[in-house]
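*Asks:* here are the coordinates; sequence isn't available:
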């Protein structure tokens, strides 16, 4: 036996004529209730569409404020042969005040993994952030010098209002922080590491294409050091050389056995 309850307007008490008794003696009965529009909910509604419940809801372009959580897994299959710009995650804060002096940092996307004081890392990998391209097809582009890369830092100075005065602006910056703990072994710390652990001989460990005054700007006197820029009246025997590829051919940087 079915039971039908007519939809009531908000605040209207049920009338006796709106209710139909159920014969409880029957072995089976079903209840059919008309859908309640989201706009009739007592706490109001914003947006449109179906009401989302707590467990695995499907949301379409929601606007979310300051959200917190434990993890976020996104998939974004792109089947078009000529896709437009597509960013699975796009965070774009903007500074609009006339003068800005942040007390902290302003970051579009931040990744930070904390290895706590009671933890010893013995295997595996820990990344603050990871960029990765998995190549299973073919890379063949004559128009883009680097059509695929694991991670990119990009600096846009194209605006006619862009001005640089003091301080450097760079596409990428790697920093060891302000201080190091007393138990840190500095001999195990490198600012940048480049590796190729495959059996394939790659083109170069470092590839530079730049219109620049200098290949490198090196300072060894800051923060208590004078360690790798060495001045000497005489040099020892040349024992090894670094091979560098240049537009005019392969050139070599001599390495001496003594300073």
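*Replies:* Looks like it came in fine. Computed from a predicted model, the values in this text were never measured in an experiment.
*Asks:* where in the chain is pLDDT low?
*Replies:* Applying pLDDT under 70 to the chain flags the ranges 1-44, 221-225, 231-235.
*Asks:* Sketch out the strands for it, chain order is fine.
*Replies:* 2-5, 30-33, 238-246, 249-256 (DSSP state E).
*Asks:* Just give me the residue closest to the centre of this structure.
*Replies:* Centre of the chain computed as the mean C-alpha position; nearest residue by CA atoms, centre = their mean is residue 109, 5.5 Å away.
*Asks:* hang on, that one packs against residue 88?
*Replies:* No: counting by CB atoms under 8 Å, residue 88 is not a contact partner of residue 109; they are 11.7 Å apart. Yep, even glycine has a C-beta here, placed from its N, CA and C like the rest.
*Asks:* what's the burial count for residue 256?
*Replies:* For residue 256, the neighbour count with other CB atoms under 10 Å is 14.
*Asks:* That one: what's it in contact with?
*Replies:* When contacts are counted by CB atoms under 8 Å, 6 or more residues apart in numbering, residue 256 touches 235-239.
*Asks:* I'd like to know which of those are buried.
*Replies:* Taking 16 or more other CB atoms under 10 Å as the criterion, nothing in the contacts of residue 256 is buried.
*Asks:* Distance to residue 139 added to these, as TSV?
*Replies:* Below are the contacts of residue 256 laid out as TSV (distance: CB to CB, whole Å):
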residue	distance to residue 139
235	44
236	45
237	44
238	40
239	39
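*Asks:* Nearest to residue 208, out of those: which one, please.
*Replies:* Within the contacts of residue 256, the smallest distance to residue 208 is 24.4 Å, found for residue 238 (CB to CB).
*Asks:* Can you tell me, leaving aside adjacent residues, what's nearest to the closest one?
*Replies:* residue 254 (4.7 Å; CB to CB, 6 or more residues apart in numbering).
*Asks:* Who does the one you found form a beta bridge with?
*Replies:* Under DSSP bridges, the beta-bridge partners of residue 254 are residue 241.
*Asks:* So it versus residue 237, what's the distance?
*Replies:* Shown here: residue 254 relative to residue 237, a distance of 10 Å by CB to CB, to the nearest Å.
*Asks:* Ok, residue 203 next?
*Replies:* Computed as CB to CB, the residue 203 to residue 237 distance reads 31 Å.
*Asks:* where exactly do the helices run in the stretch 51-200 of the chain?
*Replies:* Counting by DSSP state H, counting those that start in this stretch, the stretch 51-200 of the chain has no helices at all.
*Asks:* Please report how far the nearest residue to residue 121 once chain neighbours are set aside lies from residue 154.
*Replies:* Distances taken as CB to CB, 6+ apart place residue 115 nearest to residue 121, at 5.7 Å, with adjacent residues excluded. Separation of residue 115 from residue 154 (CB to CB): 30 Å.
*Asks:* Comparing those two, which residue is more hemmed in?
*Replies:* With neighbours defined as other CB under 10 Å, residue 115 and residue 154 compare such that residue 115 has more, 9 against 6.
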